[in-house]
Structure formats: C-alpha cells, structure tokens
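Enquirer: What follows is a predicted protein model with its sequence.
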Amino acid sequence: MEEAIYAELDSLREDLRGLIEQREKAREGFLKLVEERRRLISEVRDLRERLKEIRENKAKLVEMIRDLRERLKQARERLRNSVARLEEIRRAYPDLERLTGISISSLKKRIDSLEWRIITGQVDPEEEEEIIRQIARLELQLDKILKAKNAKNIVTEIRAEIASSRLEIDDIRRSIAEVSRGIDEVRRKEGELLEEIKKRGAGIEEISRELDRLAADRSRISEEIRKKREEIQGLRNKLRELRASQDRKTRSERLAELRKKAEEKLSSGDRLTFEELQALYGLDGEGSEAGARENS
C-alpha cells in the first residue's frame, strides 16, 4: 500500500515540477512580450511625433503653393492687361513705325519756313491761303507724330512690363514645381511613417493577444499546480494515517506478545521487567511505575 502511495507521490511530484517549469517559461515569455510591446509603443510614439512634424511641414508647403498660385494668377492678370494695352495702341496707330520714323525737327523746320514766308510777305494772297493749308496739314501731321512717339515710348514700357511679367511667371512656376516636389517628398515620407505605425500597431495587437493567451495559460497552470499540491498533501495525510495505523497494530501485537510472556513468567514465578508489567496490567506513565513497585 505504501509503495503505491510513494509511486503516486513521485508521479505527482514529477508532474508538479513540469507544471512549475511550464509556469516559469510562461512567465519569462510574458515578461519578454511585455518588454517588446513597451518598445513598440515607444517607437509608435516617436513615429507619431515625426508624423506630426512632417504634417506641419506639409501644411506650410501647401500654404506656400497657395500663395505662389495667387501670385501667379496676379502676374498673369498683369500680363493680360499689358498685352491688351499693347494691342490697343497698335490698333490706334497701325502705322506707328512709319510715323516714328519721320524726323520731327525737319517737319518743324518746314512749318517754320512756311510761316516765315507769310510773315515776311513773300507770297501773294492766293498763295498764302495754300501755304496756311499746308501749315495746318503739317501741324496735324506733327501732332500725330508726337503722339505716335509718345505711344512708342509707352509701347516700350509695356513691352518691358510684359517681359518682367513673363520672367516673374517663369520664376513662380519654377517655385511651384520645386515646392510641389517638396510636397510629394513629404507625402512619401508621411505614407512611409503611416505604414510603419500600422505595422507596429499590428505587432502591438498581436503581442496583446499573445499576452492574454499566456496569462490564461499561467492561470490554468497555477490552478493545476494548486490541485497537484492538494493531491500530494492528501497522499501525505493518507500515508501518515497508514503509518499511524501500522504503528498502532505493531504496538498492539508487541503488547500482546509481552503480556503473554509476562503471564508465563508470572506463572513460573520469574521476575517481570517493567515493560512486561506494563503489558500485563495495561499501565503507562505513573501507573506503570506504581505497578512495578508493588510487584517488587
């Protein structure tokens, strides 16, 4: 019976050691995963901070693009206005180049010469009327030429404005292209960061699920350990009871043997030992000592 209990105890102890080892491995795995999740959470926090900075930078670039496009719109409007003014002058002076090619000084000299002839009386009345008409035509032509030259100066200014507007438009377009490339690069980095955050988030969720599983395993193993320990304690109690029963049986058998021996010695008149007296009279402690004194 005892051998069976010992064998069962050995088996339970072996199971208990295995369960404790499993629980320790689960604990170690749990702690490693907790540390890994903490690391991933820290990385996600850093990535989100970088993402925030990148998005702020993107917002600034988008604002720059908006301002540049407004400047481009205004520059184009100025260019259209300058071109419209130039076309208006060209329609007003279709022979502008020819008129501006006429010498103003020669024309003035011609007018002065004709006026001098009238002033000095070098012409008769009929010829004077023709000269006056010539002077009027020349003055009209002079006025037209003066206006044409002024228009040509304005044309030169307008052409300079057009050239300046075109240069400005080209500069703005280059700036827009450069800023647009910057925005594209920022968006690429933004996408990469979002992907990294997503990957780490998935890793954190996976680790959390694994931690839940390990926690459940640890609880299950701890419960199994508790039950094994209860079983071991139960077997130990059973073993103690068995040993106590065997001890009582052994003592009873020895007491019966001593009593028989004491009775035989008493019949033969032999002197009895203390134990024999104790067995014969069923005494112990002080009662046994009193019985021994009476027998002596």
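Expert: The structure has been received and is ready for your questions. Numbers count the residues shown, from 1 in each chain.
Enquirer: Please make it C-alpha for all contacts and neighbour counts, starting now.
Expert: Will do.
Enquirer: What is the burial count for residue 249?
Expert: 12 (other CA atoms under 10 Å).
Enquirer: Equivalent analysis for the one 10 residues further on, please.
Expert: Burial of residue 259 is recorded as 20 neighbouring residues (other CA under 10 Å).
Enquirer: which residues touch it?
Expert: Residues in contact with residue 259 (CA atoms under 8 Å, 6 or more residues apart in numbering) are 276, 277, 279, 280.
Enquirer: go on, residue 208?
Expert: Applying CA under 8 Å, 6+ apart to residue 208 gives the contacts residue 37.
Enquirer: at 6 Å what do you get?
Expert: If you count contacts by CA atoms under 6 Å, 6 or more residues apart in numbering, residue 208 has none.
Enquirer: just to revisit the earlier point, ok, the contacts of residue 259 vs residue 15, which is closest?
Expert: residue 279 (47.2 Å; CA to CA).
Enquirer: Kindly report the domain assignment for the protein.
Expert: Listed domain ranges for the chain are 2-92+157-245, 254-295 (source: automatic domain parsing).
Enquirer: re earlier: let me have the contacts of residue 259 in JSON lines, extended by neighbour count.
Expert: As requested, the contacts of residue 259 are arranged in JSON lines below (neighbours: other CA atoms under 10 Å):
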{"residue": "276", "neighbour count": "22"}
{"residue": "277", "neighbour count": "23"}
{"residue": "279", "neighbour count": "23"}
{"residue": "280", "neighbour count": "20"}
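Enquirer: May I see these arranged in a markdown table, with distance to residue 261, pLDDT and secondary structure as well?
Expert: Shown next, in a markdown table, are the contacts of residue 259 (distance: CA to CA, whole Å; pLDDT from 0 to 100; DSSP: H, G, I helix; E, B strand; the rest coil):
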| residue | distance to residue 261 | pLDDT | secondary structure |
| --- | --- | --- | --- |
| 276 | 7 | 72 | helix |
| 277 | 10 | 75 | helix |
| 279 | 9 | 72 | helix |
| 280 | 9 | 74 | helix |
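Enquirer: which of those lies closest to residue 255?
Expert: Ranked by distance to residue 255 (CA to CA), the contacts of residue 259 are led by residue 279 at 5.5 Å.
Enquirer: what residues are up against the closest one?
Expert: Residues in contact with residue 279 (CA under 6 Å, 6+ apart) are 255, 258, 259.
Enquirer: Now tabulate those in CSV and tack on secondary structure.
Expert: Below are the contacts of residue 279 laid out as CSV (DSSP: H, G, I helix; E, B strand; the rest coil):
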residue, secondary structure
255, helix
258, helix
259, helix
